[in-house]
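# Whatever this is, show me its structure:
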Amino acid sequence: DVEPKVFAELLRFIYTDSVQELDSMALELLQVADRYDLGTLRAMCERSLGAHICEESAIETLITANLYRADQLKRATIEFIQRNVKVLSSDKWKDLWRVNFDLANEVLIRLISK
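Reported below is the predicted structural model:
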């Protein structure tokens with residue numbers, strides 16, 4: 001159930017503690033790191049995803065961080081949204097509000113208490 005390219009990077013990480021395709025596979029590797037409890041790989045993926053947050057990806061990144069309990073990534077994403085509040089006027093934000101009210105509310109509470 002893991003794509004061959006992702007599995008190859010997982011093996012590379014296990015044997016060398018490095019990943020060549022981290023930026024292009026960070027989401028998939030985060031899923032695998034979560035499944036197999038690989039803390040170092042998980043942290044690497046969180047940093048990579050956090051470094052590439054943009055207005056278009058912020059809500060998806062927030063959802064991913066919440067799903068995989070990636071607290072560092074979640075914090076970075078909420079901080080990004082604090083600096084780029086127009087994310088809150090996007091259709092993706094409106095969808096999040098309808099689908100996961102608790103997560104959207106958490107973001108708003110953090111914004112208010114800023």
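
# Tell me which residues touch E106, please.
For E106, the contact set (C-beta atoms under 8 Å, 6 or more residues apart in numbering) comprises I78. Backbone N, C-alpha and C define where each C-beta goes, glycine included.

# buried stuff in the helix or strand harbouring it?
Under the criterion DSSP states H and E, the helix or strand holding E106 is helix 101-112. Of the residues in helix 101-112, those buried by neighbour count under the rule 16 or more other C-beta atoms under 10 Å are 103-104, 107.

# Can you say which helix or strand has E79 in it?
Here E79 is covered by helix 71-83, with elements defined by DSSP H and E.

# Let me know the angle separating that helix from helix 101-112.
Using axes from the mean of the first three to the mean of the last three C-alpha atoms, to 10 degrees, the inter-axis angle of helix 71-83 relative to helix 101-112 is 60 degrees.

# Run the chain-centre distance for whichever helix or strand comes after helix 71-83.
Secondary structure here is assigned by DSSP H and E; on that basis, the next helix or strand after helix 71-83 toward the C-terminus is helix 91-99. Here the centre of mass of C-alpha atoms in helix 91-99, compared against the chain's by C-alpha atoms, centre = their mean, to the nearest Å, lies 17 Å away.

# got it, and stretch 101-112?
Distance of stretch 101-112 from the chain centroid (C-alpha atoms, centre = their mean) equals 17 Å.

# Alpha carbons only: can I get it in PDB?
Taking C-alpha atoms only, stretch 101-112 is exported to PDB below (Å, rounded to 0.1, in the frame of the first residue of the first chain):
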ATOM      1  CA  PHE A 101     -15.400  23.100  12.700                       C
ATOM      2  CA  ASP A 102     -13.100  22.200  15.700                       C
ATOM      3  CA  LEU A 103     -10.000  22.700  13.700                       C
ATOM      4  CA  ALA A 104     -11.200  25.900  12.100                       C
ATOM      5  CA  ASN A 105     -12.300  27.200  15.500                       C
ATOM      6  CA  GLU A 106      -8.800  26.300  16.900                       C
ATOM      7  CA  VAL A 107      -7.200  28.500  14.200                       C
ATOM      8  CA  LEU A 108      -9.600  31.400  15.000                       C
ATOM      9  CA  ILE A 109      -8.900  31.200  18.700                       C
ATOM     10  CA  ARG A 110      -5.200  31.300  18.000                       C
ATOM     11  CA  LEU A 111      -5.700  34.300  15.700                       C
ATOM     12  CA  ILE A 112      -7.800  36.200  18.400                       C
END
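
# That's all I had, so thanks and see you.
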